[in-house]
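Engineer: Sequence first, predicted model second:
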Amino acid sequence: MATTPKGRKTTASKTGTTAAKTTTPRKKPARKATSSSTPSANGKRTAGTRTSTRSAKRRSPKEGQQEDPAQIELERTEFLRAMDKYKRKTGKTFPTWTEVLEVIRGIGWLHPMRVQQELDDQQRGLPRS
(Lines give C-alpha, C1' and ligand atoms only; values in the text may rest on other atoms or scores of the structure.)
Protein backbone atom coordinates (compact mmCIF):
# COMPACT_ATOMS: atom_id res chain seq x y z
CA MET A 1 0.00 0.00 0.00
CA ALA A 2 1.46 3.36 -1.04
CA THR A 3 0.49 6.91 -0.13
CA THR A 4 -0.27 9.62 -2.69
CA PRO A 5 0.90 13.24 -2.24
CA LYS A 6 -2.57 14.23 -0.96
CA GLY A 7 -2.47 11.63 1.83
CA ARG A 8 -4.59 9.01 0.09
CA LYS A 9 -3.73 5.36 0.40
CA THR A 10 -3.54 3.36 -2.80
CA THR A 11 -3.81 -0.36 -3.28
CA ALA A 12 -2.48 -2.36 -6.19
CA SER A 13 -4.80 -4.84 -7.80
CA LYS A 14 -3.92 -8.02 -9.67
CA THR A 15 -4.07 -6.13 -12.97
CA GLY A 16 -1.47 -3.62 -11.85
CA THR A 17 -3.78 -0.60 -11.58
CA THR A 18 -4.05 1.35 -8.40
CA ALA A 19 -7.14 2.78 -6.79
CA ALA A 20 -7.08 5.70 -4.37
CA LYS A 21 -9.03 5.49 -1.13
CA THR A 22 -9.74 8.52 0.97
CA THR A 23 -9.04 7.92 4.61
CA THR A 24 -10.06 10.85 6.70
CA PRO A 25 -10.35 10.27 10.41
CA ARG A 26 -13.91 10.51 11.67
CA LYS A 27 -14.58 12.78 14.55
CA LYS A 28 -17.00 11.77 17.26
CA PRO A 29 -19.85 14.23 17.66
CA ALA A 30 -19.49 16.49 20.67
CA ARG A 31 -21.81 15.60 23.52
CA LYS A 32 -24.23 18.28 24.49
CA ALA A 33 -24.06 19.37 28.06
CA THR A 34 -27.18 18.30 29.88
CA SER A 35 -27.76 19.63 33.30
CA SER A 36 -30.86 17.86 34.47
CA SER A 37 -29.22 17.54 37.84
CA THR A 38 -28.58 20.35 40.25
CA PRO A 39 -26.13 20.60 43.14
CA SER A 40 -27.77 20.22 46.52
CA ALA A 41 -26.78 21.80 49.81
CA ASN A 42 -24.15 19.12 50.49
CA GLY A 43 -22.57 19.59 47.05
CA LYS A 44 -23.80 16.32 45.60
CA ARG A 45 -25.79 16.37 42.40
CA THR A 46 -29.39 15.26 42.57
CA ALA A 47 -31.57 14.24 39.67
CA GLY A 48 -33.93 16.90 38.37
CA THR A 49 -37.59 16.23 38.94
CA ARG A 50 -39.09 18.20 36.06
CA THR A 51 -39.28 15.30 33.62
CA SER A 52 -40.25 12.69 36.17
CA THR A 53 -43.05 14.87 37.51
CA ARG A 54 -44.46 15.37 34.02
CA SER A 55 -44.31 11.66 33.31
CA ALA A 56 -45.98 10.82 36.61
CA LYS A 57 -48.79 13.28 35.91
CA ARG A 58 -49.32 11.80 32.48
CA ARG A 59 -49.47 8.23 33.80
CA SER A 60 -51.57 8.73 36.91
CA PRO A 61 -55.37 8.74 36.62
CA LYS A 62 -57.20 11.99 37.22
CA GLU A 63 -58.33 12.72 40.75
CA GLY A 64 -61.54 10.96 41.65
CA GLN A 65 -61.31 8.58 38.69
CA GLN A 66 -59.90 5.35 40.05
CA GLU A 67 -60.14 2.69 37.36
CA ASP A 68 -61.42 -0.73 38.31
CA PRO A 69 -58.88 -3.39 37.22
CA ALA A 70 -61.70 -5.81 36.34
CA GLN A 71 -63.34 -3.19 34.10
CA ILE A 72 -60.01 -2.44 32.40
CA GLU A 73 -59.51 -6.15 31.73
CA LEU A 74 -63.01 -6.42 30.21
CA GLU A 75 -62.36 -3.43 27.94
CA ARG A 76 -58.94 -4.80 26.97
CA THR A 77 -60.45 -8.17 26.09
CA GLU A 78 -63.23 -6.51 24.07
CA PHE A 79 -60.65 -4.48 22.14
CA LEU A 80 -58.42 -7.50 21.45
CA ARG A 81 -61.40 -9.53 20.20
CA ALA A 82 -62.51 -6.69 17.95
CA MET A 83 -58.98 -6.35 16.52
CA ASP A 84 -58.76 -10.11 15.95
CA LYS A 85 -62.13 -10.09 14.19
CA TYR A 86 -61.00 -7.17 11.99
CA LYS A 87 -57.72 -8.90 11.08
CA ARG A 88 -59.54 -12.11 10.13
CA LYS A 89 -62.14 -10.21 8.09
CA THR A 90 -59.58 -8.10 6.14
CA GLY A 91 -56.75 -10.63 6.05
CA LYS A 92 -54.31 -7.98 7.34
CA THR A 93 -51.81 -9.02 9.96
CA PHE A 94 -50.69 -5.46 10.71
CA PRO A 95 -53.50 -2.88 10.43
CA THR A 96 -52.68 0.81 10.12
CA TRP A 97 -53.36 3.20 12.99
CA THR A 98 -56.32 4.59 11.07
CA GLU A 99 -57.80 1.09 10.87
CA VAL A 100 -57.18 0.56 14.60
CA LEU A 101 -59.04 3.80 15.30
CA GLU A 102 -61.94 2.59 13.13
CA VAL A 103 -62.09 -0.63 15.18
CA ILE A 104 -62.05 1.33 18.44
CA ARG A 105 -64.86 3.57 17.22
CA GLY A 106 -66.71 0.46 16.02
CA ILE A 107 -66.85 -0.90 19.57
CA GLY A 108 -68.34 2.38 20.80
CA TRP A 109 -65.41 4.55 21.88
CA LEU A 110 -65.78 8.32 21.53
CA HIS A 111 -63.20 10.98 22.29
CA PRO A 112 -63.98 12.51 25.71
CA MET A 113 -64.20 16.02 24.24
CA ARG A 114 -66.74 14.82 21.69
CA VAL A 115 -68.79 13.16 24.43
CA GLN A 116 -68.77 16.42 26.40
CA GLN A 117 -69.75 18.36 23.27
CA GLU A 118 -72.68 16.01 22.63
CA LEU A 119 -73.83 16.37 26.25
CA ASP A 120 -73.67 20.16 25.94
CA ASP A 121 -75.63 20.01 22.67
CA GLN A 122 -78.31 17.82 24.30
CA GLN A 123 -78.67 20.29 27.15
CA ARG A 124 -79.12 23.14 24.65
CA GLY A 125 -81.67 21.10 22.66
CA LEU A 126 -79.54 20.79 19.51
CA PRO A 127 -79.83 17.65 17.36
CA ARG A 128 -76.98 15.08 17.35
CA SER A 129 -74.50 15.44 14.52
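Structural biologist: Arrived safely, thanks for sending. Numbering: from 1, shown residues only.

Engineer: Name the spans of this protein whose pLDDT lies under the cut-off.
Structural biologist: Within the chain, the stretches with pLDDT under 70 are 1-25, 29-65, 127-129.

Engineer: if you set the cut-off to 80 instead, what comes out?
Structural biologist: For the chain, the stretches with pLDDT under 80 are 1-66, 126-129.

Engineer: I104: neighbour count?
Structural biologist: By the criterion of other CB atoms under 10 Å, I104 has 14 neighbours. Quick note: C-beta positions are derived from backbone N, CA and C, even for glycine.

Engineer: Same check on Q117?
Structural biologist: The number of residues packed near Q117 is 14, by other CB under 10 Å.

Engineer: Give the buried residues for whichever strand or helix holds it.
Structural biologist: Taking DSSP states H and E as the criterion, Q117 maps to helix 112-124. When burial is assessed from 16 or more other CB atoms under 10 Å, helix 112-124 yields no buried residues.

Engineer: Cool, thanks, talk later.
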